[in-house]
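Chemist: Fold the following and give me the result.
(one chain, ligands or ions: 1)
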Amino acid sequence: MDGNGRWAKRRGLPRTAGHTEGEENLAAIVRVAVTRNVGWLTVFGFSTENWVRPRTEVRHILGLHRRLFGRVEELNQLNVQVKWMGRPFDTPGARTPKYVQRAIRKAVADTAQNTGMVLTVAFDYGSRAELVQAALDARRDGEIVSESSISNHLYLPELPPVDVVVRTSGERRISNFMLWQIVGARVYFTERTWPEFGAAELDAALALAAS
Ligand code: FPP
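Modeler: Take a look at the predicted model:
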């Protein structure tokens, strides 16, 4: 969801205002995606590298995650199931504060019965960390390291292969996001920042996935 900061800067607002708008837009895009029968929507909310951002910005983004995971009533109305992926809370280096952990656990538990779209939020997530963890876990379980044992030990092995990756705000590179799962995916690039990403853009991305 790139470009929150740029969206704010262009309006003379602090970066945090862009993130707030980004969270609102994610809620809006979830509503649209449900009407388009999207099965799985996975968003990169906070990366393992994002902790180096200024402390006030990090705190603000954490608060927005609590807010998003707190939208349980709305998600239940939409029949959306929430999942989280990222560094397990108890592993070395993992830094998710307790209040975000609680919000994540509650949202996951309180939407577990929903049967519609699965919304996965990647928080404290990095693809390389995920792959290292998968290899270690496969070895711990006495399995040989193979494509299937890595796949089975990803944070969320149930996630299907990615059909389309969306990159907003003119970013034309692949980041540390779902590197294992995006093999063969289409990539939809747009100059629009994340807060400007609307239904028409989502439809264009979905059309690319289907082509
Ligand atoms: C990128 O914008 C966005 C982030 C680092 C993550 C924060 C995302 C949100 C707050 C959207 C809402 C999502 C959740 C899950 C609460 P940027 O800071 O990289 O902007 P820039 O590229 O213009 O600098």
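Chemist: going forward, measure contacts and count neighbours with C-alpha atoms only.
Modeler: OK.
Chemist: Can you pull up the most central residue in the chain?
Modeler: Nearest to the geometric centre of the chain sits residue 43, at 2.3 Å (CA atoms, centre = their mean).
Chemist: Can you say which helix or strand has the closest residue in space to it that isn't next to it in sequence in it?
Modeler: Nearest residue to residue 43, sequence neighbours excluded (CA to CA, 6 or more residues apart in numbering): residue 121, at 5.1 Å. With secondary structure defined by DSSP states H and E, residue 121 is part of strand 118-125.
Chemist: Run through the strands of the protein in chain order.
Modeler: For the chain, the strands defined by DSSP state E occupy 40-47, 81-85, 118-125, 164-167, 186-189.
Chemist: Could you dump the ones you listed into TSV with distance to residue 131 and mean pLDDT added?
Modeler: Listed next are the strands of the chain as TSV, based on distance: least, CA to CA, whole Å; pLDDT from 0 to 100:
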stretch	distance to residue 131	mean pLDDT
strand 40-47	15	98
strand 81-85	13	98
strand 118-125	11	98
strand 164-167	19	98
strand 186-189	22	97
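Chemist: for the ones you listed, which one sits closest to the ligand?
Modeler: strand 40-47 (4.1 Å; CA to the nearest ligand atom).
Chemist: How about the closest one and the ligand, any contact?
Modeler: Yes: contact of strand 40-47 with the ligand (CA under 6 Å from any ligand atom) involves 45, 46.
Chemist: Direction included, what does that strand pair against?
Modeler: Partners of strand 40-47 in the sheet, by DSSP bridges, are strand 118-125 (parallel).
Chemist: And the contacts of the partner strand?
Modeler: Applying CA atoms under 8 Å, 6 or more residues apart in numbering, the contact partners of strand 118-125 are 30, 39-48, 80-87, 94-96, 177.
Chemist: Next to the ligand, which bits of the chain? Give me the list.
Modeler: 1-6, 19, 22-23, 26, 45-46, 61, 64-65, 68, 121.
Chemist: Show me the shaky parts of this structure.
Modeler: For the chain, not a single residue meets the criterion pLDDT under 70.
Chemist: Next, the angle strand 81-85 makes with the strand holding residue 121.
Modeler: Interaxial angle, strand 118-125 versus strand 81-85 (axes from the mean of the first three to the mean of the last three CA atoms, to 10 degrees): 20 degrees.
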